[in-house]
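Trainee: next come a sequence and a model predicted from it.
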Amino acid sequence: MKNFEMHIRNIEEKEKNLLEILLLAQVKFGSLSSEVIEYLSNLTQIDIPEINDTIEFFNFLDRGENIKNIKICGGLSCSIKGGEDIYRTLQTTADEKNVKISLVKCMGKCAYSPNLTIDEISHTEVRLEDLKYLY
Ligand code: FES
């Protein structure tokens with residue numbers, strides 16, 4: 001661990017070389033889990049959202065199995081029935097919970113709005129207060 005930390009500390013312009021740092025960390029730890037991301041943030045002084053953006057951009061960077069992929073229906077029916085509030089709420093906790101949030105087109109289940117999927121598992125008639133049980 002000490003060699004890794006020394007190597008990262010010796011890298012100049014860490015933000016410019018973030019991809020290199022992330023690749024080194026992925027090799028060292030096997031994946032870029034939320035714990036690894038927090039550790040790297042402390043080590044490099046780079047904000048967690050910036051690290052997450054970089055990981056999201058390069059699909060060869062692996063977060064491990066901890067990340068959840070949440071898709072929220074952005075169609076009219078779901079938006080009106082609370083989908084927008086759910087989307088905003090999820091966005092505020094995305095980084096700390098290590099989830100990827102995306103707004104998608106109508107999921108074709110408007111009668112059961114609002115709809116979302118978590119790792120491709122469908123959830124219908126979701127209420128804001130249900131979120132704590134879903135992920
Ligand atoms: S608007 Fe959400 S399922 Fe159609």
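Mentor: Ah, there it is.
Trainee: ok, and what's touching the helix or strand in which Ile37 is found?
Mentor: Here Ile37, judged by DSSP states H and E, is contained in helix 34-44. Outside helix 34-44, the residues within contact range by CB atoms under 8 Å, 6 or more residues apart in numbering are 5, 8-9, 14-15, 18, 21-22, 25, 29, 32, 46-48, 51-52, 55, 63, 66, 98. All C-beta spots, glycine's among them, are computed from the backbone N, C-alpha and C.
Trainee: equivalent analysis for stretch 81-95, please.
Mentor: 48-49, 52, 70, 72-75, 99-101, 103, 113-116, 126-128, 131.
Trainee: what's the burial count for the closest residue to the ligand within the chain?
Mentor: Distance from the ligand to each residue of the chain (CB to the nearest ligand atom) is smallest for Gly75, at 2.3 Å. Per other CB atoms under 10 Å, the neighbour tally for Gly75 reads 20.
Trainee: next one: Asn3
Mentor: Asn3: 8 neighbours (other CB under 10 Å).
Trainee: separation between it and Leu23?
Mentor: Distance of Asn3 to Leu23, computed by CB to CB, to the nearest Å: 16 Å.
Trainee: Met107 now?
Mentor: 35 Å.
Trainee: with Arg88 instead?
Mentor: From Arg88 to Leu23 the distance is 33 Å (CB to CB).
Trainee: likewise Ser79?
Mentor: Distance from Ser79 to Leu23, by CB to CB: 39 Å.
Trainee: which of those two has more neighbours?
Mentor: Ser79 (19 against 14).
Trainee: please see if the longest helix seen in the chain touches the ligand.
Mentor: As assigned by DSSP state H, the longest helix anywhere in the chain is helix 84-97. No. Helix 84-97 lies apart from the ligand when judged by CB under 6 Å from any ligand atom; the minimum separation is 11.3 Å.
Trainee: residue contacts, the residue of the chain closest to the ligand?
Mentor: By CB under 8 Å, 6+ apart, the neighbours of Gly75 are Gly83, Lys105, Cys106, Met107, Cys110, Ser113.
Trainee: can you select the buried ones from those in ChimeraX?
Mentor: In ChimeraX, this line selects whichever of the contacts of Gly75 come out buried by 16 or more other CB atoms under 10 Å:
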select :83,107,113
